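**Q** Sequence plus predicted model, see below.
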Amino acid sequence: MQRTWSTVLIVALSLGAWACEGEDPDETPLADMGMGGEGEGEGEGEGEGEGEGEGEGEGEGEGEGEGEGEGEGEGEGEGEGEGEGEGEGEGEGECTAHPDDYPGDSWPACISDSGEYEPVLPDSISTIARIASFETIADLLWRADAAPAADAFVDARVEYAIDQGLDSRVQRRYDPHYPAPDDGSSCRDEGVPAQYPDYCVGPAQILPVIVEAFQAGSMGEDPWSNAARVEAGLLWFLYASTYKEAYSCQAAAKDCDSSWAYYGGGAQGDEMATGFGGYVQALEPETHARVFAAHLAVRCWRDIDDAETAMDEALHQQALRQVDAALDRGLAVILIDRVETWAAAEGEARDAAWAFLQVLGPVIDRAARDIDAGAADRLLSAWGDDAPVSAEEIVAIIETLFPCN
């Protein structure tokens, strides 16, 4: 592919000024309604629509998505309770809903009862365009028929850097699972990401991975491995963004739409998802259904609690717990799939799978550590350069920590 010197110069300058792309100058802090002392933190004013105000705070949980089965096997006879029966048991291969999950008895009637996600602002979900950019980058890099050339990385970088696109959000992404700066500093303030690398996950951790992979790939270095690093970095961003937007929806209702769109590109439950949700849907449809049910829970909460700033923190936390658990299982199935790919592959394909795992594998540590610190330590050690844990053990640990229930 031929390229003019002016295009190359523009890309080079944009790489040099990578961390300087900003937007949305106004910052609107979220009221301190989080748990665990997170409080208000950085009012990013992020707006994942047409500049939706992204708030701040905290809220974690470990809920489980829906998906209880109706039992399997009426085949041997119709008697209720006989044999495998048709009672309300859990069907094999299905995920079990937590008692507080939506839909369920703990939820009043709401807008989500139609079974479809009803957007707060259907005409202004610009996050959908960001997921379209993710798909474009995927076709240029890790889904390419042959090892991506240097020009493919340059083109992917241009797509990534579209105004109001992926790069603008990676640079500001915070994770409300972690404490925000006590003084209310923003992750876009100088020095703050270095002081709060877990909270300011986008600029402190995700951005450097993507920057380095784009730069190395554009120089022709290890194309498959660098494509895998871009892939893993962007999936990390989508995973973090899905939860964060469900959290900040408390102060900006349209962020509920962004959470839904960051996960699956704006797909309804019976439609083909893209982005992070596309991976989960292909690998484990039951977990994909759980994540979609979690988005219905978020929208249900915000329909019931429809003030400009939502006030029912208990119901918000209930929805966030459901998002957390379903999303963590989604990350788990992606990791399991890539571990199995790595174990079976050879040469460049094996190296690329490992490059992916070294970026995305440690991302599950927070959730794993909340469940079993010892198992989390063992799992975290698996992503080291010497890979001291076998593929079989990695899969077993992940399955034990994050079952489909």
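**A** Right, received. Where do you want to start? The model shown is predicted, which means the values in this text are computed figures rather than measured ones. Numbering: from 1, shown residues only.

**Q** Can you give me the distance of R321 to Y199?
**A** With distances taken as Cβ to Cβ, to the nearest Å, R321 is found 20 Å from Y199. (Each C-beta comes from the backbone N, C-alpha and C, glycine too.)

**Q** Name the residues of stretch 127-147 that come out as buried.
**A** 127-134, 136-138, 140-142 (16 or more other Cβ atoms under 10 Å).

**Q** so which of those residues comes closest to A246?
**A** Closest approach to A246 among the buried residues of stretch 127-147 (Cβ to Cβ): T127, at 12.5 Å.

**Q** Surely that closest one is in contact with Y262?
**A** Yes. T127 is within contact range of Y262, at 5.6 Å (criterion: Cβ atoms under 8 Å).

**Q** how about Q205, secondary structure?
**A** helix (DSSP: H, G, I helix; E, B strand; the rest coil).

**Q** okay, now the closest residue to it other than its chain neighbours: neighbour count?
**A** Spatial nearest neighbour of Q205, chain neighbours left out: P197 (5.9 Å); criterion: Cβ to Cβ, 6 or more residues apart in numbering. A count of neighbours around P197, defined by other Cβ atoms under 10 Å, yields 13.

**Q** cool, and A307?
**A** Residues near A307, counting by other Cβ under 10 Å, number 10.

**Q** secondary structure class for it?
**A** From three-state DSSP, the assignment for A307 is coil.

**Q** and it, what does it touch?
**A** Residues near A307 by Cβ atoms under 8 Å, 6 or more residues apart in numbering: none.

**Q** Next one: it from A146, what distance?
**A** Distance of A307 to A146, given as Cβ to Cβ: 54 Å.

**Q** Tell me which residue is most central in this structure.
**A** Centroid-nearest residue in the chain: Y239, 1.0 Å away (criterion: Cα atoms, centre = their mean).

**Q** mean confidence for the strand or helix carrying that residue?
**A** Assigned by DSSP states H and E, Y239 belongs to helix 223-248. Helix 223-248 comes out with an average pLDDT of 98.

**Q** Next secondary structure after that helix?
**A** Next element after helix 223-248 (DSSP H and E): helix 255-264.

**Q** Report the mean confidence score over that next one.
**A** Averaging pLDDT along helix 255-264 yields 98.

**Q** what packs against it?
**A** helix 127-140, helix 223-248, helix 275-283, helix 285-304 (3 or more Cβ pairs under 8 Å, 6 or more residues apart in numbering; DSSP states H and E).

**Q** Of all the ones you listed, which one is nearest A325?
**A** Among the helices and strands packed on helix 255-264, helix 285-304 sits nearest to A325 (Cβ to Cβ), with 7.8 Å.

**Q** The closest one - contacts with which helices or strands?
**A** Checking 3+ Cβ pairs under 8 Å, 6+ apart, helix 285-304 ends up next to helix 223-248, helix 255-264, helix 275-283, helix 313-344.
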